[in-house]
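Asks: Predicted model and sequence below, questions to follow.
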Amino acid sequence: MKNVSILILLNLILFAKGTKIPTDVLDLNDKFVDVANEGSWFIKFYAPWCGHCKKLAPVWDQLAHSLTEKNSLVRIGKVDCTRFASACTHFKVTGYPTLIFFRNGVQIPYEGDRQKQALLNFVLKASSPTIGTLDSTAKFSELKKSSEKDPFFVYIDGEDKDQTLFEEYKNVAESLFAETRFFHATSIMPFPANVVLRKRPAVVVFKDNDYYVYEPEKEKLHGWVNSERWPLLPQVTPSTLNSIATSTNKLLVLVVLDSIYIHNSSSEVGRFYKLAKDASKLVRQDSDLHSQFQFGWLDGNSIVNSIVMGEMSVPNILVFNVSNYEFYLNNDVPSEMTAQSVYTFLQTIADKRVTPLGGRSWPQRIRRMFYDITTNLYEMFYHQPILTCCLFGVPLAFFSIITYSICSSDFSVDREDVYPEDEEEESQDEEDDSIHKNGKKKCFASIHILDDGHEKDE
């Protein structure tokens, strides 16, 4: 009854506030803390002055509208941390915007791309059952359509009643269900004839129009799932770069492309994209190289420019070690590269026959610091020239005025300022009187001496 009362009170607070623009986003307050453990919520903690928050606002409205159309039970809301600081403090919000998914009291921070589709995919996964049921061919066919970009895992039962593998699978699913899809099939029936399993129970991943079976004797299930939950050639963004590198524990083969021409096979970018896909398939067939390298493509060269601290052409390729910031460059001209040449280049890296560049040495850190400063200043002047001129020009003008005033001031002291004219005259008079008195004394002394001498002569 208490919970029902809290929900009623919250609804009254929410809907009592009318807004001029219709929106499906709930404007929450401090009382959200009392109901956060009930149901599913996806909340944006923001500040009105935050530029990133303003940029996210229309995307957040679109996300809420899409979920409303799907009749989703997930409620999309926002909390203004400048007005309701206690709620933000309670959930340990330290930056804006902070996105947190609440699922029956469990908090799942979102750190992925802030595009509508990426947010929608996250909500659908986070609100779905931890392990879904796969019980028909139609459902498998539907899942297979998106497996090239979004792989999914299936635990297939066997005659063996041992639940050890399933318990391990369930633990992995509970830790990654918001990022990856997990399913459970009781038989082999939903799968096509080309899916062949030597033994069951088994864990299988479907991706890139193919499937791969987990081999318990080679590695732990958690490590295998982390390594296999990415496609052969996923798109890498600033928010997913570290996630891909740390989860796979591999070197990243970053393919620099342009999304506008990526599917145009007649363009240089389209040709290079096909080359990269072919190279990734060659590496997949080599178990040694596959354990060391993960491919990914970038839209534009901004990320690789910051890595090499310079300008890289598009298209191009770079191998990056996120853990120590070392990278490898292929000396071949991009237009002359082939899938086989890229494969050979990766072999030379694996055999340590190529010297890495970059790193985290002190000279490199100092160089990176200056590069970041100059790059940020250039970006500021390029995108907001007037604002940047005001930001730096006004303080510089004040500093210049103060400096000029200090340097041009005359600090020499006039004698009259130290010794006023009246005091000087008084001093001169005293000096004259003293000389006059001393003169008289000398005269009197001379007379006495003369008198004494005169008496002696007489």
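Replies: All right, it came through fine.
Asks: Who are the contact partners of the closest residue to A245 other than its chain neighbours?
Replies: Of all residues not flanking A245 in the chain, V322 sits nearest, at 3.8 Å (C-beta to C-beta, 6 or more residues apart in numbering). Where you see a C-beta, it was placed from the backbone N, CA and C, and this is true even at glycine. Contacts for V322 (C-beta atoms under 8 Å, 6 or more residues apart in numbering) come out as L241, N242, A245, T246, L252.
Asks: Figure out the helix or strand that the third one lives in.
Replies: Spelled out, it's A245. helix 241-248 (DSSP states H and E).
Asks: next structured bit after that helix?
Replies: Criterion used, DSSP H and E; the element after helix 241-248 is strand 251-257.
Asks: Give me the distance between the residue nearest to A245 and P363.
Replies: 20 Å (C-beta to C-beta, to the nearest Å).
Asks: Make sure E168 is actually in contact with V225.
Replies: No: E168 is beyond contact range of V225, at 10.0 Å (criterion: C-beta atoms under 8 Å).
Asks: Looking at the two, which is more packed in?
Replies: More crowded of E168 and V225, by other C-beta atoms under 10 Å: V225, with 23 against 17.
Asks: is it true that the more buried one lies in a helix?
Replies: Yes: with DSSP: H, G, I helix; E, B strand; the rest coil as the criterion, V225 is part of a helix.
Asks: Setting the sequence-adjacent residues aside, check what's closest to it.
Replies: Leaving aside its chain neighbours, V225 sits nearest to V172 (5.2 Å; criterion: C-beta to C-beta, 6+ apart).
Asks: the helices in the stretch 151-300 of the chain, which residues?
Replies: With helices called from DSSP state H, counting those that start in this stretch, the stretch 151-300 of the chain shows them at 164-176, 221-228, 241-248, 268-285, 287-290.
Asks: Need the residues that contact the last one.
Replies: Contacts to helix 287-290, defined as C-beta under 8 Å, 6+ apart, come from residues V283, R284, Y343, L346, Q347, A350.
Asks: which of those lies closest to L28?
Replies: R284 (46.5 Å; C-beta to C-beta).
Asks: Tell me, how many residues neighbour the nearest residue to that closest one once chain neighbours are set aside?
Replies: Leaving aside its chain neighbours, R284 sits nearest to H290 (5.5 Å; criterion: C-beta to C-beta, 6+ apart). H290 has 16 neighbours, counted by other C-beta under 10 Å.
Asks: and if you look at E379?
Replies: Quick note: E379 (other C-beta under 10 Å) scores 12 neighbours.
Asks: Next: the one 3 residues further on.
Replies: Neighbour count for Y382, taken as other C-beta under 10 Å: 9.
Asks: Assumed it was part of a strand.
Replies: No: assigned with three-state DSSP, Y382 falls outside any strand and is helix.
Asks: Find the nearest non-adjacent residue to D372, please.
Replies: S306 (7.8 Å).
Asks: Hmm, the one you found is touching T375, no?
Replies: Yes: S306 lies in contact with T375 (C-beta under 8 Å); the separation is 7.4 Å.
Asks: Roughly how far does the residue nearest to D372 sit from A350?
Replies: For S306, the distance to A350 - C-beta to C-beta - is 25 Å.
Asks: Tell me how the chain divides into domains.
Replies: 2-126, 128-228, 241-358 (automatic domain parsing).
Asks: Columns distance to G393 on top of the ones you listed, output as CSV?
Replies: Shown next, in CSV, are the domains of the chain (distance: least, C-beta to C-beta, whole Å):
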stretch, distance to G393
domain 2-126, 21
domain 128-228, 46
domain 241-358, 27
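Asks: Turn those domains into TSV, including mean pLDDT.
Replies: As requested, these are exported to TSV (pLDDT from 0 to 100):
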stretch	mean pLDDT
domain 2-126	83
domain 128-228	90
domain 241-358	93
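Asks: And these: which comes nearest E379?
Replies: domain 241-358 (9.9 Å).
Asks: can you give me the end-to-end distance of the closest one?
Replies: 18 Å (C-alpha to C-alpha, to the nearest Å).
Asks: before we move on, what about stretch 153-165?
Replies: Using C-alpha to C-alpha, the two ends of stretch 153-165 sit 14 Å apart.
Asks: And the contacts of that stretch?
Replies: 131, 134, 166, 169, 173, 180-188, 197, 199-206, 216, 221, 225, 228-229.
Asks: Determine how far it lies from the middle of the whole chain.
Replies: 39 Å (C-alpha atoms, centre = their mean, to the nearest Å).
Asks: Flag every buried residue along it.
Replies: If you call a residue buried by 16 or more other C-beta atoms under 10 Å, then stretch 153-165 has these buried ones: F153, V154, Y155, I156, L165.
Asks: swap in stretch 83-96?
Replies: In stretch 83-96, counting by 16+ other C-beta under 10 Å, buried: F84, A87, C88, F91, V93, Y96.
Asks: do the same with stretch 338-348
Replies: Neighbour count says stretch 338-348 has A339, V342, Y343, F345, L346 buried, by 16+ other C-beta under 10 Å.
Asks: cool, stretch 37-53 as well?
Replies: Buried-residue list, stretch 37-53, by 16+ other C-beta under 10 Å: S40, W41, F42, I43, K44, F45, Y46, A47, C53.
Asks: and what of stretch 71-85?
Replies: S72, V74, R75, I76, G77, K78, V79, D80, C81, F84.
Asks: Throw those into CSV and include secondary structure and distance to S265, thanks.
Replies: Shown next, in CSV, are these (DSSP: H, G, I helix; E, B strand; the rest coil; distance: C-beta to C-beta, whole Å):
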residue, secondary structure, distance to S265
S72, coil, 38
V74, coil, 40
R75, strand, 44
I76, strand, 40
G77, strand, 45
K78, strand, 44
V79, strand, 48
D80, strand, 49
C81, coil, 49
F84, coil, 53
